[in-house]
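1. Below are the sequence and a predicted model; questions follow.
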Amino acid sequence: MYAISLGDDGAEMRPLEPWQADEFLAHMDRGREFIGARNGLPDVVTDLESSRAFLRLYAEKVAADTGRIHGIWSDGTLVGAVILRRLDTAAGYAEAGCWLEPAAVGKGLVTRAAHALIDWAITVRGVHRVEWIVSSDNLPSIAVARRLGMTLDGVLRESYSYRGARHDEQIWSTLAPTWPPLPTP
């Protein structure tokens, strides 16, 4: 397995795999209410079996080259993840996403991890366009899109229902020709 350093604070990202289902479930349990305020994943990952099934789904996406999931570890504890929900290298398209548990918020971990994953999609896999789709009321995720240098393409009004309410979605994107490279150490 490989790990990608996220900076001098010892944080790192590495692939999340089905054998880590217990650690993933513990992470989800620590952040269930916080993550669930904006993300439906805590409703999906509720026990060890569903945790393993979710990670297996991403293992199958990796095998099919249609998606990726990388955990974010801080001080040896899984505290969040970045994903390529969709990856279509033939079409040159990917959709990125993320989440964190409360203890990891405000440290720049998601921005650094998302930058590394998006950079890989663009520079290694040849993706031309990466989207970041976010609820219009998810201000922390919108701030990440801005820090990544993404452009707001538009708003899909009341485009999805979550926990009994209709929500607007913002579509942010970056294109390969304007993507900023990773900073050099």
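-> Received, thanks.
2. Would you enumerate the residues in contact with G126?
-> For G126, the contact set (Cβ atoms under 8 Å, 6 or more residues apart in numbering) comprises 89, 92, 176. (C-beta placed from N, C-alpha, C; glycine too.)
3. tally of neighbours for the last one?
-> Counted by other Cβ atoms under 10 Å, the residues lying close to A176 total 14.
4. what does the second one give?
-> Using other Cβ under 10 Å, G92 is surrounded by 16 other residues.
5. residues contacting it?
-> G92 makes contact with 126-129, 176 under the criterion Cβ under 8 Å, 6+ apart.
6. Can you tell me how far it is from A176?
-> Computed as Cβ to Cβ, to the nearest Å, the G92 to A176 distance reads 8 Å.
7. Check the first one too.
-> Relative to A176, T89 is positioned 12 Å away (Cβ to Cβ).
8. just D22 next, same as before
-> To A176, D22 is 38 Å away according to Cβ to Cβ.
9. Likewise for G80?
-> Counting by Cβ to Cβ, the separation of G80 from A176 is 26 Å.
10. And D137, by the same measure?
-> For D137 relative to A176 (Cβ to Cβ), the value is 30 Å.
11. V155 now?
-> From V155 across to A176, the span is 24 Å (Cβ to Cβ).
12. quick one: contacts for R56?
-> By Cβ under 8 Å, 6+ apart, the neighbours of R56 are P18.
13. Residue numbering should commence at 56 henceforth.
-> Got it, the first residue is 56 from now on, which makes the last one we talked about R111.
14. quick one: it is in a helix?
-> Yes - assigned with DSSP: H, G, I helix; E, B strand; the rest coil, R111 falls within a helix.
15. Would you map the helices across the protein?
-> Ranges of helices in the chain, per DSSP state H, are 76-91, 96-99, 103-119, 164-178, 194-202.
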